[in-house]
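In: Provided below are the primary sequence and the corresponding predicted coordinates.
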Protein chains: 2
Amino acid sequence: MSKTNKSFIHVPKPTLERLKRYYTYFLQLEAEYISSEELAEKFNIKPEQVRKDFTYVNITGKPKVGYHVPSLIKELGLLFGKEVLENIIIIGAGNLGSALAKYSGFEKLGVKVVAIFDNDPKKIGSFVGELAVLPLSAIERVVKRFKVKIGVICVPEESAQEAANLLVGVGIKAIWNFAPVPIDVPETVIVENQDISSGILTIKHILDKK
Amino acid sequence: MSKTNKSFIHVPKPTLERLKRYYTYFLQLEAEYISSEELAEKFNIKPEQVRKDFTYVNITGKPKVGYHVPSLIKELGLLFGKEVLENIIIIGAGNLGSALAKYSGFEKLGVKVVAIFDNDPKKIGSFVGELAVLPLSAIERVVKRFKVKIGVICVPEESAQEAANLLVGVGIKAIWNFAPVPIDVPETVIVENQDISSGILTIKHILDKK
């Protein structure tokens, strides 16, 4: 069932989403083995789904013991490019940008926040964790020096497009957009929209149907 | 193609995710009409997908004009229970909890943050926007007074289960969990996990394959 040449695997999006959730969970798990049943219960899905999901990485479980967690972490790490440390920058030093800048889980995901930027003179020079807030004029220098490919947009929605233009202008390859509006970028730039409010609609939808 | 009795519609999860994204986009859109082509371009999908998605709500587009945005908002609002205003509470007045407490988009989604709680004496009594940070001991009173069904967890991962227990203990029906760990709750309680870091793994995965 397992496939060996990962570079040719197309992982369907819903599977990818579950694999990401397993991965972040495994990174915190102390147990050495986990069964598909345990994992299924944790994530409120069926054990068959778990087993099917793991056919996308090069791992099979042992009968009655389960999956070897360090091996799962290694294979999933490869799938998500953990080994490649990516330097990222954040535009917007408000609450959300600051929360991300201080987020303790990035290192485990192979990501490092190297700078946070804002256009508010009152914020520039103040500290978010260990990072000084830098003016927007410093972006190009930082991107070049730290070979940054990923920029994070944490500005209010009315400034999101402007921030995107700035990131594209300095040669960013991928934008992680936390502003709740779509942004226009050239086709060559990857955009991942992260709507932090989306979960509430799912909850309301389920509560309504009860 | 349209279905009239919405209470029996099961919307597949990927469709639901797209409908949520369209919905939050429409809420900010000034145009009265939008075509499936325009919408598809905005969200980087195929127009056929957009048209298929809208078969789940009671709306069809006009040839050469497109979909009537106010009607889409109305139907999607029904799907997501917009008409029901839900009071929600936030546990954790750190950067993320504060960002959510000040999030301007909730009202449009039929949601109101009525209180934010923390166990840090230094934070209790301080203000996040217009809300005073309350001690955890006040949760039960607030939940009863404002008939709160939804609790939001914005605490560090090591305190997430404790926060969940507290919410379950005061009769919360649904938990919106921003801590990057699964929580254990009784089966009757809805849990929606919102991992704010998940998008970066998608980006790294795509960057790696390029």
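Out: Happy to help now that I have it. This structure is a prediction, so every number in the text was calculated from the model and none was measured. Numbers count the residues shown, from 1 in each chain, chains lettered A, B, ... in the order given.
In: For chain A, just list every one of the strands.
Out: For chain A, the strands defined by DSSP state E cover A:33-34, A:67-68, A:86-91, A:111-118, A:127-128, A:131-135, A:150-153, A:174-177, A:190-193.
In: In CSV: these, plus mean pLDDT.
Out: Output for the strands of chain A, formatted as CSV (pLDDT from 0 to 100):
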stretch, mean pLDDT
strand A:33-34, 94
strand A:67-68, 93
strand A:86-91, 96
strand A:111-118, 95
strand A:127-128, 92
strand A:131-135, 92
strand A:150-153, 98
strand A:174-177, 96
strand A:190-193, 92
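In: where does chain A dip in pLDDT?
Out: Residue ranges of chain A with pLDDT under 70: A:1-9, A:82-83, A:210.
In: mind giving me the domain split of it?
Out: Domain assignment for chain A by automatic domain parsing gives A:13-79, A:86-198.
In: How about stretch A:138-148 and chain B, any contact?
Out: No - contact of stretch A:138-148 with chain B (Cβ under 8 Å from any Cβ of the partner chain) is absent, the minimum separation being 11.9 Å. No exception for glycine: its C-beta is placed from N, CA and C like everyone else's.
In: residues in contact with that stretch?
Out: A:87-89, A:91, A:114-115, A:117, A:134, A:151, A:166-167, A:170-172 (Cβ atoms under 8 Å, 6 or more residues apart in numbering or on different chains).
In: chain center to the longest helix seen in chain A: distance?
Out: Criterion DSSP state H: the longest helix present in chain A is helix A:13-26. How far helix A:13-26 lies from its chain's middle: 11 Å, per Cα atoms, centre = their mean, to the nearest Å.
In: And for stretch A:30-39?
Out: 23 Å.
In: Alpha carbons of that stretch, as CSV, please.
Out: C-alpha atoms of stretch A:30-39 as CSV (Å, rounded to 0.1, in the frame of the first residue of the first chain):
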residue,chain,number,x,y,z
GLU,A,30,5.3,11.3,24.2
ALA,A,31,4.1,7.8,23.3
GLU,A,32,6.3,5.8,21.0
TYR,A,33,3.5,4.0,19.3
ILE,A,34,-0.1,5.0,18.4
SER,A,35,-2.8,2.9,16.9
SER,A,36,-5.2,4.0,14.1
GLU,A,37,-8.0,3.5,16.7
GLU,A,38,-6.4,5.9,19.2
LEU,A,39,-5.7,8.5,16.5
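In: check whether that stretch contacts chain B.
Out: No - Stretch A:30-39 stays clear of chain B (Cβ under 8 Å from any Cβ), getting no nearer than 9.7 Å.
In: Now that stretch: buried residues?
Out: Within stretch A:30-39, the residues scored as buried using 16 or more other Cβ atoms under 10 Å in any protein chain shown are A:Tyr33, A:Ile34, A:Ser35, A:Ser36, A:Leu39.
In: Now stretch A:158-171: buried residues?
Out: Buried, per 16+ other Cβ under 10 Å, within stretch A:158-171: A:Ser159, A:Ala160, A:Gln161, A:Ala163, A:Ala164, A:Leu166, A:Leu167, A:Val168, A:Val170.
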